[in-house]
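Engineer: here is my input; please provide its structure:
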Amino acid sequence: MKIKSIDGVLFKFEIKGYEFPPIRKGIDSNWLKLNVQIHGRGINLNETDPCIQSSELNDLIRWLMRLMLGKLEPNQFWEPVEGNFTFEYGGKKENVFLLRIYPRDNFSVGLNPFSLEFLYTDKEISKLIQSLIKFQRKYPVRDELNTLPPHLPD
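Structural biologist: Numbering: from 1, shown residues only. Below you'll find the predicted structure:
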């Protein structure tokens with residue numbers, strides 16, 4: 001997933017693989033290594049951290065689908081249990097969505113709070129979802145009994 005903020009900052013979110021590829025069962029079987037890159041506004045960040053589970057990637061896709069379908073209210077958010085970043089829906093105006101991303105912890109750029117704002121159409125949100133679905137297919141949930149419960153807004 002690669003997107004550009006309204007002020008030209010590039011945000012790239014890429015799954016690099018399972019944290020423990022040989023482990024197929026148990027709590028550690030679904031942790032994914034996430035690489036985040038943020039470039040622009042004097043920021044040059046490239047960090048990888050095993051901070052999201054396969055099931056959470058599925059939840060993020062569902063959250064973005066709900067956003068696109070108008071099922072979210074402004075200021076509703078999604079974040080993985082590790083909390084290294086948060087996605088927040090800022091509202092929709094004239095068929096354009098405001099999406100904010102708050103990188104933290106290993107993905108922090110020293111500014112607190114730091115956020116990136118993105119304006120996206122339905123078509124662009126759909127492309128975001130499709131890029132995440134590619135990761136979902138490549139890194140599916142391997143042990144259903146040891147996944148985190150869904151973290152979706154009501």
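Engineer: quick check, residue 12 in a strand?
Structural biologist: Yes. With DSSP: H, G, I helix; E, B strand; the rest coil as the criterion, residue 12 is part of a strand.
Engineer: what's the neighbour count on the nearest residue to residue 107 once chain neighbours are set aside?
Structural biologist: Distance criterion C-beta to C-beta, 6 or more residues apart in numbering; nearest residue to residue 107, sequence neighbours excluded, is residue 36 at 4.6 Å. Backbone N, C-alpha and C define where each C-beta goes, glycine included. Residue 36 is flanked by 20 other residues according to other C-beta atoms under 10 Å.
Engineer: tell me which element residue 36 falls in.
Structural biologist: Using DSSP states H and E, residue 36 sits in strand 31-40.
Engineer: moving C-terminal of that strand, what's the next helix or strand?
Structural biologist: With DSSP H and E, the next secondary element past strand 31-40 is strand 43-53.
Engineer: tell me where this structure has helices.
Structural biologist: 54-68, 122-138 (DSSP state H).
Engineer: could I get the contacting residues of the most centrally placed residue in the chain?
Structural biologist: Residue closest to the average C-alpha location in the chain (C-alpha atoms, centre = their mean): residue 60, at 6.1 Å. Contact partners of residue 60, counting by C-beta atoms under 8 Å, 6 or more residues apart in numbering, are 78, 80, 87, 132.
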